[in-house]
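Colleague: Using only what follows, build the 3D model:
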Amino acid sequence: IYTVFRRRGQVQDMGAVIPAGIFGLEGQVIKEVVMDEASGRVRIVCDRDRRRRPVDHRTRRRGGVNRLLRRTVLDVPMFGRPCEVEIEYAETFVSPGQVRVEALPFVAPGARVTRRLARLIAGMARHMPIAVVARHTGLSWDSVKAIECAHLTETIEPPRPQTLSGIRYLGVDEVARAKGQSYFTLVYDLTPGARYGRILWVKEGRDSSVLLDFLDALSDECAQGIEAVALDMGLAYIAAVQKSLPHAALVFDRFHVMQMFSKVIRDCRRAEFREAKKLNDLTGQAAIKGSLYLLLSNRGTLKESDQGRLDQLLAQNASLLALYTLKEQLQLLWQRPATPTEMAARLNDWCGMAQAAKITGLSAFVKTLQSHRTGICNYAAHPITTARLEAGNVSIGLLRKRARGLRDTQYFKLKIFQLNTPDSPSFLYVALSTS
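Modeller: All right, here's what the predicted structure looks like:
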């Protein structure tokens, strides 16, 4: 391609031959590259390659040229300057009464930008708020969101329950679209291997019917292969699993159990502080104040000075000492359990010690453990946890924070499923070795 660079009407012959493959404008013949000094914009002017028969973008059938049209699409910056491409394309005559635009492989669907610019914008929007991307690219907020949404729709294919196979373990959790507002049910694949942690299902709602929509859609072979499901102690999800997968074991992992026990510690600490204040015990108040993280942390993770504060607190308060000792004993329940039966015996021993402590709020916690004994002890046979689910919730929380809230449900789902895909260089460069 013999390229001419033109500056505001003045033609400067550069004498350069540029292969069409460098620009990636398939089906176009570059006629000239125009530099507008006033706007600082580079404009690539193209004509359609007359040797190519047009292909209908919808049916992929070849047809005849009905008429030629022109449009301008935005492209990635060229040498630090904004770039736009003026292209020529055909209306494809498919059949009488059917005339559609030909397929343009390098143009992003639903937007007047090239695919590489759409990839660049989507890569930036994965890590930055839309408003920031709009400010950097000079596009409007609506344009950036539309470009990213179209790119995600084209490149991300959510898993279909009917086609899933080889799943042994599932994880189920809920996530809020905004704090305290509508909730979504998420299902994860917790089967060890390359697919561990991928998100399989996202749907509005958190009742049993939402989860049943997923479980009932699984093939018989896939459903029969599921050995266990990790979840919290919510009754809705438990009912759905028991109805659709009666053979699968329920597993209540350590995270949720210890989370519930942390609430007991919080409540007891508050009560002890109020009692010390009532008795005008300034030493007791000073020891308890600001000590919550000491009681909830593992001793090995504390600094030496914090360990000293913890020892002083426990020496002064018998109730908190009992709770801290019970917390350490409860954590040992999940360490190398040989069988569910052995784990159940250790759980019974712990419940006996907790009952003997006679601390307010602890009896209710013990009753909860005993009513969910089977699911807790199933960990010995199926050592799966909801750690991946909690990590996913953190990532989704960052999505909400970057977006300053998400009202578009479909867009929110696409952003969640994007977490399944590995991140790639946003600026479209292949990683080069520096050696």
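Colleague: Confirm that residue 91 lies within a strand, as I assumed.
Modeller: Yes - residue state for residue 91 (DSSP: H, G, I helix; E, B strand; the rest coil) corresponds to a strand.
Colleague: Who are the contact partners of it?
Modeller: Applying CB atoms under 8 Å, 6 or more residues apart in numbering, we find residue 91 in contact with 54, 65, 66, 67, 68, 69, 99, 100, 101, 102. C-beta: built from backbone N, CA, C; applies to glycine.
Colleague: Any regions of the stretch 101-250 of the chain where pLDDT drops low?
Modeller: 179-181 (pLDDT under 70).
Colleague: Do a quick rundown of the strands in it.
Modeller: 169-176, 183-189, 199-204, 228-230, 249-251 (DSSP state E, counting those that start in this stretch).
Colleague: Return the most buried member of those.
Modeller: Highest mean neighbour count among the strands of the stretch 101-250 of the chain (mean count of other CB atoms under 10 Å): strand 228-230, with a mean of 26.
Colleague: Now do the same contact list for residue 298.
Modeller: With contacts taken as CB under 8 Å, 6+ apart, residue 298 has the following neighbours: residue 331.
Colleague: rewinding a little: go through the contacts of residue 91 and say which is closest to residue 85.
Modeller: The closest of the contacts of residue 91 to residue 85 turns out to be residue 69 (CB to CB; 14.4 Å).
Colleague: Which strand or helix spans the closest one?
Modeller: Assessed by DSSP states H and E, residue 69 sits inside strand 64-78.
Colleague: Tell me which other helices or strands that strand touches.
Modeller: The criterion is 3 or more CB pairs under 8 Å, 6 or more residues apart in numbering; DSSP states H and E, and the helices and strands that strand 64-78 contacts are strand 41-48, strand 81-95, helix 115-125.
Colleague: To residue 329, which of the ones you listed lies closest?
Modeller: Ranking the helices and strands packed on strand 64-78 by their distance to residue 329 (criterion: CB to CB) puts helix 115-125 first, at 47.8 Å.
Colleague: quick one: buried residues of the closest one?
Modeller: By neighbour count, with 16 or more other CB atoms under 10 Å as the criterion, the buried positions of helix 115-125 are 115, 117, 118, 119, 120, 121, 122, 123, 124, 125.
Colleague: What of stretch 62-70?
Modeller: Under the neighbour-count criterion of 16+ other CB under 10 Å, stretch 62-70 has 63, 65, 66 buried.
Colleague: ok, back up a step: make CSV from the buried residues of helix 115-125 and add distance to residue 209 to it.
Modeller: Rendered in CSV, the data for the buried residues of helix 115-125 read as follows (distance: CB to CB, whole Å):
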residue, distance to residue 209
115, 40
117, 42
118, 37
119, 38
120, 41
121, 37
122, 34
123, 37
124, 38
125, 33
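Colleague: and of the residues you listed, the nearest to residue 407?
Modeller: For these, the residue nearest residue 407 by CB to CB is residue 125; the value is 16.2 Å.
Colleague: Give me the neighbour count for the residue nearest to that closest one when sequence neighbours are not counted.
Modeller: Excluding its sequence neighbours, the residue lying closest to residue 125 (CB to CB, 6 or more residues apart in numbering) is residue 148, at 4.5 Å. Using other CB atoms under 10 Å, residue 148 is surrounded by 24 other residues.
Colleague: Residue 318 now?
Modeller: Residue 318 has 12 neighbouring residues, counting by other CB under 10 Å.
Colleague: Same question for the one 3 residues further on.
Modeller: By the other CB under 10 Å criterion, the neighbourhood of residue 321 contains 15 residues.
Colleague: just checking, it touches residue 314?
Modeller: Yes - counting by CB atoms under 8 Å, a contact exists between residue 321 and residue 314, whose distance comes to 4.3 Å.
Colleague: May I see the buried residues of stretch 161-169?
Modeller: 161, 164, 167, 168, 169.
Colleague: before we move on, what about stretch 383-390?
Modeller: Across stretch 383-390, burial judged by 16+ other CB under 10 Å covers 384, 385, 386, 388, 389.
Colleague: Show the contacting residues for residue 72.
Modeller: Contact partners of residue 72, counting by CB under 8 Å, 6+ apart, are 84, 85, 86, 87, 112.
Colleague: and it, bridged to which residues?
Modeller: According to DSSP bridges, residue 86 are recorded as the beta-bridge partners of residue 72.
Colleague: Residue 221 versus residue 163, what's the distance?
Modeller: Residue 163 sits at a distance of 11 Å from residue 221 (criterion: CB to CB, to the nearest Å).
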